[in-house]
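[1] Just need the structure, nothing else, for what follows:
(chains A and B)
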Amino acid sequence: MIEFLSKKLNWFEVEYWFYILNDLSLVYIILPFFVLELIRYAYLKRLTKNLILDSIANIITFGAFFVIEIILGLLAITKVYFWVYNNLSLPHLELNWITIITCVLLADLAYYWEHRMMHRIGIGWATHTVHHSSPHFNMSVAYRFGPLDAILPIIFSLPIVLLGYDPILVLLSEIFVQVFQTLLHTEIIGKLTKPVEYIFNTPSHHRVHHGSNKQYWDKNYAGIFIIWDRLLGTFEPEVEKVKYGISEPLHSNNPIKVFFHGLTRLYDKIKKTSGFKNKILVFVKPPGWEPK
Amino acid sequence: MKSSTLLFRSLAILILIAGSAHLVSYASINSESPKSNRKEDTNNTPVSETENSKTSTTSEIENKESINYSTDYIIGKWEVAYTSKDFKGVVIYNLKKEKGIFNAYTYQYENESGDIEQAKKSKVLIIEKFDGYKGAGKYLIDYEGKQYDVKCNIDMINENTFKLSYDYYGYSDVETWKKL
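    You can find the predicted model right below:
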């Protein structure tokens, strides 16, 4: 087993497998599943104009996010990550199965923390609220991103590079976590078997994360493994029927409004808040924070 | 949950996961390094004793200090088939890493009749930049008794094949290097 895990792999094979799991997943699983969801909506007579416009807005926000992500991601990878990797990191890890598995685990843990921060600090929520603002829950919602959603992942993944992991492997692992997450945005799949529900993040756990019901707020941040939530005190099982969306609904499918509403709400809050110190605190304190 | 508990739990998870990867990596490098050193020794046929000791010392330093697994897979022997007027057959090159730069030396000639001749071990290629996929450097071409340093590019097709291309004042060529 150790021999297998430590067997050297070559980059071409690894990139090929990540290409199949990450890039091609859109073709062989995400799109077919979304079509299935649309059929289900039609069958349940829930295929409304609002749902279609919401799905279109989701894809448009993804396009805008993607442009920002590409620019920031390329800068981070080529400049910061490789500089850290070549100058500050622990001894470089060779490419083998144990490196890949541990890198995915660490990318998932980093995702947990950056996701938690997105919910718990004002500027994080200002961008991440976009993802939660849809009143629907399907695969297209997974593509609903805010303008600054690409920043925190870059910061939180940097320690993995410091630990000696190749920046490209870190990037591929991050994308893998995101792709896994995408598959959780569905109402079609109910609860899975107990061992799976105990270890992995599942559609049921992620529905809870998207719930606007009070007891579901700020729960189940996990990407692939729900064990992070269990270990770090943020786990909540799906019991009550989930009401999707945010506490202050957006009531709009205008992609520009959807994309920027978090930042405009943050700006309004800063404008209303008195005192310079308090204005700064709005950025870093939890979203519901008000000065005393 | 208290912030301190969160911090210590997260750090413990981090150390456990990254530590296991480093442990396995350290163990596998240790078990492999004597083997790879021996292999290097038998493959090297240096020009002179001084160069031999220099090369093997460099090679040892490289092995111990700067192993880069995303690029070092190109180290080893490569063959290139030629069909020029001067030579028809296969040339085998030995690609080594020296002071962080990849250098290729002629190793063996085999003409189209199958006659094999050991080469002089002259340096023919210096790969100055290589990221595991693409590279650039100098191709040292002998033409009518003169040596020319020609800028060249390297494109990996897969881990066992790369294309070496150059263009020198209109004289261009693409060679296919195959790993042995």
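[2] Is stretch A:3-16 positioned near chain B?
    Yes. Stretch A:3-16 reaches chain B (Cβ under 8 Å from any Cβ of the partner chain) through A:5-6, A:8, A:10-12. The way it works is simple: take the backbone N, C-alpha and C, and place the C-beta from them, glycine included.
[3] By neighbours, which of those wins?
    Compared across the residues of stretch A:3-16 next to chain B, residue A:6 has the highest neighbour count, 22 neighbours, by other Cβ atoms under 10 Å in any protein chain shown.
[4] What count of nearby residues applies to the spatially closest residue to it that is not a sequence neighbour?
    Spatially, and ignoring its direct neighbours in sequence, residue A:6 is nearest to residue B:28 (4.0 Å; Cβ to Cβ, 6 or more residues apart in numbering or on different chains). Neighbour count for residue B:28, taken as other Cβ under 10 Å: 19.
[5] quick one: what helix or strand has residue B:28 in it?
    Element membership of residue B:28, judged by DSSP states H and E, is helix B:3-43.
[6] part of a helix, is residue B:148?
    No. Using DSSP: H, G, I helix; E, B strand; the rest coil, the secondary structure at residue B:148 is strand, not a helix.
[7] so who does it touch?
    B:140-142, B:168 (Cβ atoms under 8 Å, 6 or more residues apart in numbering or on different chains).
[8] now these: which count as buried?
    Among the contacts of residue B:148, those buried by neighbour count (16 or more other Cβ atoms under 10 Å in any protein chain shown) are B:140-141.
[9] Which one of the contacts of residue B:148 is nearest to residue B:110?
    For the contacts of residue B:148, the closest approach to residue B:110 (Cβ to Cβ) belongs to residue B:142, at 18.7 Å.
[10] Find the nearest non-adjacent residue to the closest one, please.
    Per Cβ to Cβ, 6+ apart, closest to residue B:142 is residue B:148, 7.9 Å.
[11] Which pLDDT value belongs to that neighbour?
    Note on residue B:148: pLDDT of 80.
[12] circling back to that earlier point, show me what the mean pLDDT comes to for the helix holding residue B:28.
    pLDDT averaged over helix B:3-43 gives 75.
[13] Over to stretch B:72-92?
    88.
[14] What are the buried residues along that stretch?
    Within stretch B:72-92, judged by 16+ other Cβ under 10 Å, the buried ones are B:72-75, B:78-80, B:89-92.
[15] How about stretch A:194-212?
    Neighbour count says stretch A:194-212 has A:197, A:200-212 buried, by 16+ other Cβ under 10 Å.
[16] Could you list which of those residues also contact chain B?
    Within the buried residues of stretch A:194-212, nothing lies near chain B by Cβ under 8 Å from any Cβ.
[17] residues from chain B in reach of chain A?
    So chain B meets chain A at B:1, B:6, B:9-10, B:13-14, B:17-18, B:20-22, B:24-25, B:27-29, B:67-70, B:73, B:132-133, B:156, B:158-159 (Cβ under 8 Å from any Cβ).
[18] sorry, back to before: so how far is chain A from the residue nearest to residue B:142?
    Per Cβ to the nearest Cβ, to the nearest Å, residue B:148 is found 32 Å from chain A.
[19] Okay, and the beta partners of that residue?
    Judged by DSSP bridges, the bridge partners of residue B:148 are residue B:141.
[20] Just want the most central residue of chain B.
    residue B:75 (2.9 Å; Cα atoms, centre = their mean).
[21] In this structure it contacts residue B:96, no?
    Yes. Between residue B:75 and residue B:96 there is a contact under Cβ atoms under 8 Å: 6.3 Å.
[22] Which neighbours do the two have in common?
    In contact with both residue B:75 and residue B:96: residue B:102, using Cβ under 8 Å, 6+ apart.
[23] what's the burial count for residue B:180?
    11.
[24] Would you mind measuring from the nearest residue to it once chain neighbours are set aside to residue A:8?
    Spatially, and ignoring its direct neighbours in sequence, residue B:180 is nearest to residue B:77 (4.3 Å; Cβ to Cβ, 6+ apart). Counting by Cβ to Cβ, to the nearest Å, the gap from residue B:77 to residue A:8 is 18 Å.
[25] What parts of chain A come near chain B?
    Those residues of chain A that sit near chain B, judged by Cβ under 8 Å from any Cβ, are A:2, A:5-6, A:8, A:10-12, A:90-96, A:98-99, A:102-103, A:105-106, A:109, A:113, A:159, A:163-166, A:168, A:228, A:231-233.
[26] Show me just the buried residues among these.
    A:5-6, A:10-12, A:92-96, A:98-99, A:102-103, A:105-106, A:109, A:113, A:159, A:163-166, A:168, A:228, A:231-232.
[27] For chain A, just list every one of the strands.
    Using DSSP state E, chain A contains no strands.
[28] From the chain's centre, how far out is the top helix by length along chain A? Work that out for me.
    Secondary structure of chain A per DSSP state H: the longest helix is helix A:49-75. Centre-to-centre, helix A:49-75 and its host chain are 13 Å apart (Cα atoms, centre = their mean, to the nearest Å).
[29] Which pLDDT value belongs to residue 158?
    All of this refers to chain A. On the pLDDT scale, residue A:158 gets 93.
[30] try chain B instead
    81.
[31] Tell me the spatial nearest neighbour of it, not counting adjacent residues.
    residue A:12 (5.5 Å).
[32] Isn't the one you found up against residue B:159?
    Yes. Using Cβ under 8 Å, residue A:12 is in contact with residue B:159, at 5.2 Å.
[33] Touching, residue A:273 and residue A:285? I think so.
    No. Taking Cβ under 8 Å as the definition, residue A:273 is not a contact partner of residue A:285, at 10.4 Å.
[34] List the contacts of residue A:250.
    Counting by Cβ under 8 Å, 6+ apart, residue A:250 makes contact with A:133, A:257-258, A:261.
[35] Thanks a lot, see you next time.
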